[in-house]
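Engineer: I'll drop the sequence and a predicted model, then ask my questions.
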Amino acid sequence: MKFMKKFVGKSIRNRLAVTFIGMMALFMIIILLLNTFFLERVYTITREKCIYHTYNTINETDSYEILNTPDFGNYLLENNLSVVILDKDSSRILYHFAKDAEDMRDRLLFGIPLNLEGDQQILNSTDQFILERRVNTQSITDSINMLGKLDNGDSFLISTPIESLKESARISNMFYLSIGIVMILLSSAAVLLLSERITKPLHRLSELSKEMANLNFSVKYDNPSEDEVGVLGNNLNLMSEELERTISELKTANNELQKDIEKKTQVDEMRKEFLSNVSHELKTPIALIQGYAEGLQECINDDPESREFYCDVIIDEAGKMNNMVKKLLTLNQLEFGNDQVTMERFNITELIRGVVNSSQLLAAQKEVQLRFVQRDPVYVWGDEFKIEEVVTNYVSNALNHVDYDKKIEVKILQKRDLVRVSVFNTGDPIPQEDLDKIWIKFYKVDKARTREYGGSGIGLSIVKAIMDSMNQKCGVTNYDNGVEFWFELQSAGPAEISIFPN
């Protein structure tokens, strides 16, 4: 056993040889066993079928003259069958096909059923006939016999000799064994040669993979065969080219990264721009707060209603400033990469339904029909908290700009491995020249309307920064009757998606 394991080892060539030789040896053993234990039984059954067929033919014929046809005679001759038919008195032979017809007549007259010599084995017995096997006889050959009476009352004997199959099986087993050993030796040599041809290109592929592991992509598999090994070699060549290209791209990206590092000074410019924008945006609310506060201080209007109005303006402007500062801090963290993104698998259908439900009261106040009919769960990868902020910004933006039919539709659409969420609102389309600018912080398409609902021009910038932090896309599409904002996420599992028309 240890020698076999050492011989086989890890070589595919040796494994193929041992497997093939073992299978041939197993098949040879099975053939010898079948020949030893089943050959005699199969032979006996075959002879019995021939006798039954002959009996049925004789018993069904109207005239024995029909039995003299060449076809029936050839059938008896080919199957080594002897037949004799006597009349009802068993005195006259009506038909025979046998060299020893007289002996068969005597056996039929004086040997029914048990007086013949030798060992008798009854194979079948009916009212019409007896089917027996007679062996170890001295005067006649071992045989299978059917004797009895036909339907018309005539007596018959059908006999076929059988050989000593045990001796035949032993001889054939010796013959098969000798041929089998020779065939195993010849096939072993052929298998060794064939396995050498098979394993040689595999060894070449192994060497090629080692070179690729050492980042040497100049070596190629040069066997032009179209079999599985050739296909594997071609795939390795393609993988080598792809790896070489990818490494080249990585080196290029690394070079670009070096350039980005050199541009760190641009961060200061961004900070200056940020401070300038903040100063500009805070100028108006601070001036309003200051003016109304001075009015209160100087008691310009003494009536309670005016004072309450002044206080409401101050509180409203302070709230807008507070909201804008919070958004600026969020945007600042996103742009400078200080806010960690947590990628997790979550049900975006449930998230959107929560945002929509919380916005229904404001929608009702504005007499807006806010619709989201998705019911089946849709799982995606992303930062659930930040995606909720994106959806909230889109829905709030839609509520602030909805017009005409006053309809807002939130939809989910699956595109292969991506899930797209869109928020559509009826109203005026965004001017074409402003489509690319709405993502810039503090940019406002309609400044008067933005001021009216307290917008700061930061919400869509936060959306863009969040989607960029997850390396996903967002965008806007104009329609004749409104505007649709959308974003995409990686799908995290199969889901049934409902698509609703605009």
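Structural biologist: Ah, there it is.
Engineer: C-alpha from now on. contacts and neighbour counts both.
Structural biologist: Fine.
Engineer: whichever helix or strand Ile408 is part of - contacts with which helices or strands?
Structural biologist: Using DSSP states H and E, Ile408 maps to strand 407-415. Contact partners of strand 407-415 among helices and strands, from 3 or more CA pairs under 8 Å, 6 or more residues apart in numbering; DSSP states H and E: strand 369-371, strand 418-426.
Engineer: turn these into TSV, columns for mean neighbour count and distance to Gln128.
Structural biologist: Shown next, in TSV, are the helices and strands packed on strand 407-415 (neighbours: other CA atoms under 10 Å; distance: least, CA to CA, whole Å):
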stretch	mean neighbour count	distance to Gln128
strand 369-371	19	92
strand 418-426	22	84
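Engineer: now the ones you listed in a markdown table, with mean pLDDT?
Structural biologist: Formatted as a markdown table, the helices and strands packed on strand 407-415 follow (pLDDT from 0 to 100):
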| stretch | mean pLDDT |
| --- | --- |
| strand 369-371 | 95 |
| strand 418-426 | 96 |
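Engineer: between those strands, which one is nearest to Val231?
Structural biologist: Evaluated over these, closeness to Val231 peaks at strand 418-426, with 32.2 Å, by CA to CA.
Engineer: can you show me the CA trace of that closest one as CSV?
Structural biologist: Coordinates of the C-alpha atoms in strand 418-426 are reproduced here as CSV (Å, rounded to 0.1, in the frame of the first residue of the first chain):
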residue,chain,number,x,y,z
LEU,A,418,-28.4,48.1,-9.7
VAL,A,419,-31.5,49.6,-8.0
ARG,A,420,-32.6,53.1,-9.0
VAL,A,421,-34.8,55.2,-6.7
SER,A,422,-36.5,58.2,-8.2
VAL,A,423,-38.7,61.1,-7.0
PHE,A,424,-40.9,62.8,-9.6
ASN,A,425,-42.9,65.9,-9.0
THR,A,426,-45.2,67.8,-11.4
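Engineer: that older thread, how far off strand 418-426 does the strand holding Ile408 point, in degrees?
Structural biologist: Using axes from the mean of the first three to the mean of the last three CA atoms, to 10 degrees, the inter-axis angle of strand 407-415 relative to strand 418-426 is 160 degrees.
Engineer: mind listing what's buried in strand 407-415?
Structural biologist: Buried positions in strand 407-415, judged by neighbour count with 16 or more other CA atoms under 10 Å: 407-414.
Engineer: circling back to that earlier point, nearest to Arg107, of the helices and strands packed on strand 407-415?
Structural biologist: With CA to CA as the criterion, Arg107 lies closest to strand 418-426 of these, at 93.4 Å.
Engineer: give the contact list for the closest residue to Ile458 other than its chain neighbours.
Structural biologist: Nearest non-adjacent residue to Ile458, counting by CA to CA, 6 or more residues apart in numbering: Lys441, 4.9 Å away. Lys441 makes contacts with 457-461, as judged by CA atoms under 8 Å, 6 or more residues apart in numbering.
Engineer: and if we set it to 6 Å?
Structural biologist: With contact taken as CA atoms under 6 Å, 6 or more residues apart in numbering, Lys441 is in contact with 457-458, 461.
Engineer: out of those, which is nearest to Glu350?
Structural biologist: The closest of those to Glu350 turns out to be Ser461 (CA to CA; 24.8 Å).
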